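S.K.: What shape does this take:
(one chain, ligands or ions: 1)
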Amino acid sequence: MIRRAGKARDDAIADNAPTKEHLDDCRRCDLWEHATQGVPGEGPPGAPLMLVGEQPGNDEDLEGVPFVGPAGRLLRALLDEAGIPAARVYMTNAVKHFSFVLRGKRRIHKTPLQRQVAACHVWLEGELVRERPAVIVTLGATALAAVIGRRISITDARAGPIADSQGTPIVATYHPSAILRAPDHDARAALRATLLADLVRAAKIASGAGGKRRDAAGQGR
Ligand code: URA
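M.R.: So this is what the prediction gives:
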């Protein structure tokens with residue numbers, strides 16, 4: 001959980017926003033051992049929307065860039081459809097190394113363990129304090145729990161306004177991979193519509209906050 005802090009403490013936390021080198025050197029959990037590399041967040045300075053996913057997938061692990069695989073391409077298409085330019089979005093993950101199990105030669109996504117999410121939290125916290133987005137969009141349950149510091153269902157989180165401990169509004173939504181995994185056309189269409197509507201809602205909240213990131217005291221600027 002991110003705690004409200006004075007400027008000096010904020011600056012110290014923001015210093016933890018990871019560079020690629022920090023992540024490649026990170027030994028805070030065991031995921032680095034089998035991953036190709038650490039995958040830092042990406043986006044322009046001052047982006048009002050921060051999208052937080054779970055962890056890099058196979059393609060992200062190989063390329064070192066978040067959201068470039070199938071789920072990422074779908075997410076980027078939805079952002080486009082929602083009319084949200086890439087220049088307004090910073091994308092990152094709760095966990096910065098790929099967690100997987102080998103099935104034959106294939107690397108299959110494995111949900112990161114709670115201790116791995118906790119070990120990686122210092123990096124996410126650093127990004128949140130450095131970027132100071134106007135709105136945080138959490139994609140899936142792991143990202144939501146990592147940002148708010150406790151587990152609640154996406155359904156419950158979508159029902160009411162929620163914010164992180166700095167007061168930054170959170171739009172909790174489903175992970176785009178849930179759309180790819182949906183069992184049939186109707187489920188896929190329903191999830192797609194929900195994710196799209198949530199992205200539009202997040203962009204509207206960000207515009208209401210002046211369309212800009214928040215300053216250290218939590219005010220839009
Ligand atoms: N899924 C995520 O949560 N993050 C990525 O970067 C890619 C897929």
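S.K.: Can you give me the neighbour number for the one residue in the chain that gets nearest to the ligand?
M.R.: Closest residue of the chain to the ligand, CB to the nearest ligand atom: Gly53 (2.5 Å). C-beta here means a position set from N, CA and C on the backbone, and glycine is covered the same way. Counted with other CB atoms under 10 Å, residues neighbouring Gly53 total 27.
S.K.: So which residues of this structure form strands?
M.R.: Assigned by DSSP state E, the chain shows strands spanning 49-53, 89-93, 100-103, 106-109, 135-139, 162-163, 169-173.
S.K.: As CSV, the ones you listed with mean pLDDT would be great.
M.R.: As requested, the strands of the chain are exported to CSV (pLDDT from 0 to 100):
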stretch, mean pLDDT
strand 49-53, 98
strand 89-93, 98
strand 100-103, 98
strand 106-109, 97
strand 135-139, 98
strand 162-163, 96
strand 169-173, 98
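S.K.: Lys20: which of those is closest?
M.R.: Lys20 lies closest to strand 89-93 among these, at 12.7 Å (CB to CB).
S.K.: Would the closest one count as contacting the ligand?
M.R.: Yes - counting by CB under 6 Å from any ligand atom, the ligand has neighbours in strand 89-93: Asn93.
S.K.: So what touches that strand?
M.R.: Strand 89-93 is contacted from outside by 39-44, 47, 49-56, 66-67, 79, 124, 127, 131, 133, 143, using CB atoms under 8 Å, 6 or more residues apart in numbering.
S.K.: what's the closest non-adjacent residue to Val39?
M.R.: Pro56 (4.0 Å; CB to CB, 6 or more residues apart in numbering).
S.K.: Having no further points to raise, I will conclude here.
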